[in-house]
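Colleague: model the structure of this input:
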Amino acid sequence: MNDEFQASRPPALAALERDSLAAGFTMASEPRTGALLRSLAASKPGGALLEFGTGTGISTAWIIDGMDSAARLVTVECEESHAVIARRHLGHDPRVSFNVDDGAEFIRSLGGRKRKFDMIFADTWPGKFDHLEEALKLLSQGGFYVIDDLLPQASWPTGHAPRVPALIADLERRSELVLCKLAWSSGIVVAVRR
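Modeller: All right, here's what the predicted structure looks like:
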């Protein structure tokens with residue numbers, strides 16, 4: 001079995017990868033992470049999904065590829081230049097709401113939301129290293145909370161490395177979560193709310 005090769009790729013992925021490379025964007029999720037996100041999204045028919053850190057839309061494309069026609073994705077990116085690429089290739093899909101906003105502010109704005117999210121992919125600091133408590137309050141029972149970039153990488157920004165062990169320890173202490181830690185792809189944790 002070769003987990004590096006995904007026979008089926010989202011339709012917009014090649015164009016997103018090309019435009020991401022041209023823009024110098026190097027923090028895109030790996031294909032294995034994308035394939036996992038697609039599978040998790042497929043397990044939530046009619047689901048409400050949330051992504052922090054759209055980037056240029058590569059992980060967004062994988063999530064969309066797993067969604068059914070009734071599912072909805074809210075995705076948040078703080079850099080307009082990145083979000084432009086994502087919207088160019090994925091903005092035609094009415095199931096997706098693109099938001100250019102500070103992640104922490106966006107999390108706060110969702111505080112009164114009645115319907116919880118069935119899957120949250122936190123691919124940026126807000127919702128992962130910062131404002132974790134508030135993000136987890138948005139997760140439904142049986143919902144997936146997914147984070148990546150937990151194994152050392154040359155592209156990590158300053159301050160990322162020392163925060164990883166503390167984050168994992170925090171998640172491990174939470175009795176309301178069931179964790180699966182994967183030393184695979186870029187390093188992933190999948191947590192499910194009991």
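Colleague: buried sites along the strand ranked longest in the chain?
Modeller: Counting by DSSP state E, the longest strand found in the chain is strand 139-147. Of all the residues in strand 139-147, those buried under the rule 16 or more other C-beta atoms under 10 Å are 139-140, 143-147. For the C-beta atoms, the positions are set from N, CA and C on the backbone; glycine is no exception.
Colleague: list the contacts of that strand.
Modeller: Residues outside strand 139-147 that contact it (C-beta atoms under 8 Å, 6 or more residues apart in numbering): 36-37, 40, 43-44, 48, 115-123, 128, 135-136, 167, 177, 188-194.
Colleague: okay, which residue is most central for the chain?
Modeller: With distances taken as C-alpha atoms, centre = their mean, the residue of the chain nearest its centroid is F121 (2.9 Å).
Colleague: OK, contacts around that one?
Modeller: 37, 49-53, 59, 63, 146-147.
Colleague: what strand or helix carries it?
Modeller: strand 117-122 (DSSP states H and E).
Colleague: so after the longest helix anywhere in the chain, what's the next helix or strand?
Modeller: Secondary structure assigned by DSSP state H gives helix 160-173 as the longest helix of the chain. The helix or strand immediately downstream of helix 160-173 is strand 177-182, counting by DSSP H and E.
Colleague: one step back: turn the contacts of F121 into JSON lines, including secondary structure and pLDDT.
Modeller: Converted to JSON lines, the contacts of F121 look like this (DSSP: H, G, I helix; E, B strand; the rest coil; pLDDT from 0 to 100):
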{"residue": "L37", "secondary structure": "helix", "pLDDT": "98"}
{"residue": "L49", "secondary structure": "strand", "pLDDT": "98"}
{"residue": "L50", "secondary structure": "strand", "pLDDT": "98"}
{"residue": "E51", "secondary structure": "strand", "pLDDT": "98"}
{"residue": "F52", "secondary structure": "strand", "pLDDT": "97"}
{"residue": "G53", "secondary structure": "coil", "pLDDT": "95"}
{"residue": "S59", "secondary structure": "helix", "pLDDT": "97"}
{"residue": "I63", "secondary structure": "helix", "pLDDT": "98"}
{"residue": "V146", "secondary structure": "strand", "pLDDT": "98"}
{"residue": "I147", "secondary structure": "strand", "pLDDT": "98"}
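Colleague: just those now: which is nearest L73?
Modeller: L49 (4.5 Å; C-beta to C-beta).
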